[in-house]
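Give me a model of this one.
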Amino acid sequence: MPDLPSISIVIPAYGPTPFLRAVLDGLRAGTQQPEAIYVSHSGSEDPTDWLKEEFPEVTALHSEERLFAGAARNRAAKLVRTDAIAFCDCDTVPATDWVEQAAISLSANDNAFIVGSIGIAQPGGYWGMSVWHCEFSEQAPWRPFGEQRGGASCNLAVRTRDLETVGYFPENFRAGQDTMLFHLLRGSGKRQIFQPKMQVGHFNLDGFPHFSKHLLNQGRHFAKVRMTADMPGHRAVRFWPLSPLLGVAKCGLILKRILSGGQFMTAIRYLPGIVAGTAIWTAGCTYAAATGRFTGRY
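Numbering: from 1, shown residues only. You can find the predicted model right below:
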């Protein structure tokens, strides 16, 4: 086997970080330790002091001014001196072999970046699980290994040189900056590989208010990304009366992915939440496409 790349970890965070200790405990318990860990935080409740005391292996970066996730990741990524970077979020707990799987996957796929699977650390009740199905069905742990176009930067491994080549994450997207980065990496000739063995567990939040606000925001930024780049769905967004068709297609894909894992009862149970979630997502997408207003209060 070729030599495994050295890896640093970058974790963006904003405001209160109730799950950050669990994320760092997960990394500390890992079968392979990274060369460095960066927590790039902005906003209120600066974690620098308790990170220094409880996790001295972590480098904390903080700014009072809010940074969107892309900018927070970039601030840390530009300090990295290892071969590769693995990104997770402050609400995604890595499996014990996460760093090891990232290194193995990058070594085995020289011209690729790796998107891992997203499991569940906290269900978050019915609405939390409904959000999870709407947002992460393509990266569910039962999905097969192989090339894909979706993904989320809460579980991403990429060579540092490849990230630098495409100019890092776009910084003017509150959401969707990972979609744009993946588009840029693919455009530079890199393959996008889904590796279900490289897994994190997501802390889902409970309640309909979070469910509705989050998916409305996701829909808005789907439209912003497609207004910016020629990606699947861009024609329907740019001719906004067709945008509702995207929601119908999204709902169908989510259910297909659940059923592909043999989870028939799960599909039945969460069908109302998935339908409601994709309807809200569609409303956000259509409104943003029609008005050009991509952000809200959330």
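
how's this protein carved up into domains?
What the record gives for the chain is the domain set 7-203, 208-291, from automatic domain parsing.

got a markdown table for the ones you listed, with mean neighbour count and mean pLDDT too?
No exception for glycine: its C-beta is placed from N, CA and C like everyone else's. Shown next, in a markdown table, are the domains of the chain (neighbours: other C-beta atoms under 10 Å; pLDDT from 0 to 100):
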| stretch | mean neighbour count | mean pLDDT |
| --- | --- | --- |
| domain 7-203 | 19 | 96 |
| domain 208-291 | 18 | 94 |
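
Pull up the gap between the nearest residue to residue 125 once chain neighbours are set aside and residue 282, please.
Nearest residue to residue 125, sequence neighbours excluded (C-beta to C-beta, 6 or more residues apart in numbering): residue 206, at 4.2 Å. For residue 206, the distance to residue 282 (C-beta to C-beta, to the nearest Å) stands at 23 Å.

ok, which stretches of the stretch 51-200 of the chain are helices?
For the stretch 51-200 of the chain, applying DSSP state H, counting those that start in this stretch gives helices covering 69-77, 98-108, 125-136, 160-165, 177-187.

chain center to the second one, what's the gap?
To tie it back to what came earlier, the one meant is helix 98-108. Chain-centre distance of helix 98-108: 18 Å, with C-alpha atoms, centre = their mean, to the nearest Å.

How about stretch 93-104?
Averaged over its C-alpha atoms, stretch 93-104 has a centre that lies 16 Å from its chain's centre (C-alpha atoms, centre = their mean).

all numbers from here: first residue = 59
Got it, first residue is 59 now, which makes that one stretch 151-162.

Contacts made by it with the rest, please.
Around stretch 151-162, the neighbours that count as contacts under C-beta atoms under 8 Å, 6 or more residues apart in numbering are 59, 62-63, 65, 67, 77, 80-81, 84-85, 87-92, 142, 144, 146, 172, 174, 177, 179, 215, 253, 255-259, 261.

what about it, start to end distance?
Start and end residues of stretch 151-162 are separated by 19 Å (C-alpha to C-alpha, to the nearest Å).

for the chain, which residue is closest to the average position?
By C-alpha atoms, centre = their mean, the mean C-alpha position of the chain lies nearest to residue 210, the distance being 2.7 Å.

can you pull the contacts of it?
Shown here is residue 210, whose contacts under the criterion C-beta under 8 Å, 6+ apart are 173, 176, 193-194, 197, 236.

What ranges does the protein have for its strands?
Assignment of strands within the chain using DSSP state E yields the ranges 65-72, 94-100, 116-121, 142-146, 150-152, 170-180, 204-205, 213-217, 249-261.

Include distance to residue 224 when you put these into JSON lines, please.
Written out in JSON lines, the entries for the strands of the chain read as follows (distance: least, C-beta to C-beta, whole Å):
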{"stretch": "strand 65-72", "distance to residue 224": "16"}
{"stretch": "strand 94-100", "distance to residue 224": "19"}
{"stretch": "strand 116-121", "distance to residue 224": "22"}
{"stretch": "strand 142-146", "distance to residue 224": "13"}
{"stretch": "strand 150-152", "distance to residue 224": "23"}
{"stretch": "strand 170-180", "distance to residue 224": "10"}
{"stretch": "strand 204-205", "distance to residue 224": "18"}
{"stretch": "strand 213-217", "distance to residue 224": "10"}
{"stretch": "strand 249-261", "distance to residue 224": "13"}
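
between these, which gets nearest to residue 275?
Smallest distance to residue 275 across those (C-beta to C-beta): 13.9 Å, for strand 65-72.

Can you tell me what sits against the closest one?
Strand 65-72 is contacted by residues 78, 81, 85, 92-101, 105, 124-125, 127, 130-131, 134-135, 138-148, 157, 160-161, 215 when judged by C-beta under 8 Å, 6+ apart.

And for stretch 249-259?
Counting contacts by C-beta under 8 Å, 6+ apart, the residues outside stretch 249-259 that touch it are 146, 150-153, 155-156, 159-160, 163, 167, 169-180, 197, 199-207, 209, 212-213, 215, 240, 243-244.

list the contacts for the closest residue to residue 247 other than its chain neighbours?
Once flanking residues are discounted, residue 247 sits nearest to residue 169: 7.1 Å by C-beta to C-beta, 6+ apart. With contacts defined as C-beta under 8 Å, 6+ apart, residue 169 is in contact with 247-249.

Now residue 169. Its backbone dihedrals?
For residue 169, the backbone dihedrals (degrees, to the nearest 10) come out as phi -110, psi 40.

and it, how far is that from residue 349?
Residue 169 sits at a distance of 40 Å from residue 349 (criterion: C-beta to C-beta).

Likewise for residue 310?
Residue 310 sits 26 Å away from residue 349, taking C-beta to C-beta as the criterion.
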